[in-house]
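Visitor: Provided below are the primary sequence and the corresponding predicted coordinates.
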Amino acid sequence: AAPARCASGAAAPPLSAMTQRFLDDTGASVPVLKGPMYPGSNPELVAAVSAAGGFGVVQPISLTHLYDHDFREGLKLIKSLTDKPFGVNFTILENKKYKKQMDEWMHVAADEGVKFFLTSLGKPDAIVKFARDKGIKVYHDVHTPKVAQKVAASGVDGLICLNDAMGGQTGNRSAATFAEELQALDLGLPCLQAGGVADADDLRAALDAGYAGASVGTRFLATPEARVTDSYKNAIVGATPDDIVWTNKLAGTNSSVIRTDSVAAGGLRVNAVMAWLLQNRFTKLVTRTLMLKNAMDTYKKAAFDESIQIWQAGKGVGKIHAIESCADVVARFGEVARR
């Protein structure tokens, strides 16, 4: 392959040891991971990102509940579309029914040859043990240095570092601040920037800041391969960073979405009664659980109904100017970093 080059035409700097490690862990050639989105985990999209040299990750609830695939058959469909590797995301929740389902999905994923798990929330210790015995790499979502330090001690192979520019359930600090904090911890793990990476310049900036690569979401929704409405895709293309707002009315915690009349109606924050329910130690868990369930139903409807304008997106929208194929998107990322 031709060496990666910066926009100026000069050869891009060599890949760092951590970027090389991330590429080894995933089998990708470009250090870009497609985040496990809801919506945004249809097999065609996951396969297209991996086929182009990036790394697609499946969100199981999105694959099954939103896109109506049997989990195993969904994985087999991805495998029929590309011979490149892909990963699976597991959200760790303290719910007996869900934990049983997640355990089943983990065994199915391993049986289907998946070699990369991305875990979210909770403690990944049990999943790390399961994965280690089967030669599966595990990366975990983190949103603070304290969480990063705790998770690193559990034996994960890398970290997905959530910042305040990402779409959906967002982080709470800038990518630059988080990079400095992580460097001070010197965890010795590949750390991916999650949020605010939509083009080659953004990826180059992330690598220069010390990240091993990037977890990218919004950019991949504005592609032909993403199964969401044209209204959603066009809203991403037409939005600016100023159009991105945080609201806790959907899932009980801050969600980063495009401001629309539907989102703005009645304000962006829950009312006083809901705020109390979300803070009270006896009611907050059940309230958040119910709100999250309702939010997932809303996001599912918005994925397929042109009239429902509840669209998750991050501040990278400012760099997204057209609906483009995953191959073209990944190729441009590859201009600044490719093995």
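Guide: Nice, I can see it.
Visitor: how about stretch 277-285 as CSV, C-alpha atoms only?
Guide: Extracted in CSV, the C-alpha atoms of stretch 277-285 (Å, rounded to 0.1, in the frame of the first residue of the first chain):
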residue,chain,number,x,y,z
LEU,A,277,-37.1,10.8,40.8
LEU,A,278,-33.8,10.7,39.0
GLN,A,279,-31.8,11.8,42.0
ASN,A,280,-33.6,10.0,44.8
ARG,A,281,-31.7,6.8,45.8
PHE,A,282,-34.9,4.8,46.0
THR,A,283,-36.3,5.8,42.7
LYS,A,284,-33.4,6.7,40.4
LEU,A,285,-32.6,3.2,39.1
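Visitor: contacts only, for the closest residue to Asn254 other than its chain neighbours.
Guide: The spatially closest residue to Asn254, leaving aside those adjacent along the chain, is Trp246, at 4.5 Å (CB to CB, 6 or more residues apart in numbering). Every residue, glycine included, has its C-beta placed from N, CA and C. Contacts were defined as CB atoms under 8 Å, 6 or more residues apart in numbering; by that measure Trp246 touches 170, 254-257, 268.
Visitor: Ala109 too?
Guide: Contacts for Ala109 were tallied using CB under 8 Å, 6+ apart; they are 75, 88, 117.
Visitor: mind running it again at 10 Å?
Guide: Residues near Ala109 by CB atoms under 10 Å, 6 or more residues apart in numbering: 58, 60, 71-72, 75, 87-88, 90, 115-117, 131, 134, 136.
Visitor: how close does it get to Asp261?
Guide: Shown here: Ala109 relative to Asp261, a distance of 40 Å by CB to CB, to the nearest Å.
Visitor: kindly report the same for Asp199.
Guide: Distance from Asp199 to Asp261, by CB to CB: 29 Å.
Visitor: now do Trp246
Guide: On the measure of CB to CB, Trp246 and Asp261 end up 17 Å apart.
Visitor: over to Lys319?
Guide: When CB to CB is the yardstick, Lys319 and Asp261 sit 25 Å from each other.
Visitor: do the same with Thr218
Guide: Between Thr218 and Asp261 the distance is 21 Å, computed by CB to CB.
Visitor: higher neighbour count, those two?
Guide: Thr218 (31 against 7; other CB atoms under 10 Å).
Visitor: is it true that that one touches Asp202?
Guide: No - with contact defined as CB atoms under 10 Å, Thr218 and Asp202 do not form a contacting pair (11.3 Å).
Visitor: looking at the protein, which helix or strand is least sure?
Guide: Each helix and strand of the chain was given a mean pLDDT (mean pLDDT, DSSP states H and E); the minimum falls on strand 168-169 at a mean of 86.
Visitor: buried among the contacts of Ala109? Need that as a selection in ChimeraX.
Guide: A single ChimeraX command selects the buried members of those (16 or more other CB atoms under 10 Å):
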select :58,60,71,75,87,88,90,115,116,117,131,136
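Visitor: now intersect the contacts of Ala109 with the strands, please.
Guide: Assigned to strands by DSSP state E, the following of the contacts of Ala109 qualify: 58, 87-88, 90, 116-117.
Visitor: just put those residues in JSON lines and tack on distance to Met166 and pLDDT.
Guide: Below are the ones in strands among the contacts of Ala109 laid out as JSON lines (distance: CB to CB, whole Å; pLDDT from 0 to 100):
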{"residue": "Val58", "distance to Met166": "18", "pLDDT": "97"}
{"residue": "Gly87", "distance to Met166": "18", "pLDDT": "98"}
{"residue": "Val88", "distance to Met166": "20", "pLDDT": "97"}
{"residue": "Phe90", "distance to Met166": "19", "pLDDT": "94"}
{"residue": "Phe116", "distance to Met166": "20", "pLDDT": "98"}
{"residue": "Phe117", "distance to Met166": "20", "pLDDT": "97"}
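Visitor: nearest to Ile323, of the residues you listed?
Guide: Val58 (22.0 Å; CB to CB).
Visitor: so what's the closest one up against?
Guide: Applying CB under 10 Å, 6+ apart to Val58 gives the contacts 34, 36-37, 41-43, 45-47, 64, 67, 69, 71, 74-75, 78, 86-89, 105, 109, 114, 118.
Visitor: what bridges to it?
Guide: Taking DSSP bridges, one finds Val88 as the beta-bridge partners of Val58.
Visitor: that one and Phe178, how far apart?
Guide: Distance of Val58 to Phe178, given as CB to CB: 25 Å.
Visitor: any idea which element the nearest residue in space to Leu207 that is not next to it in sequence lies in?
Guide: When the adjacent residues along the chain are set aside, Leu207 lies closest to Ala337, with 6.0 Å between them (CB to CB, 6+ apart). Of the helices and strands defined by DSSP states H and E, none includes Ala337.
Visitor: how about Thr119?
Guide: The secondary structure element spanning Thr119 is strand 116-120 (assigned by DSSP H and E).
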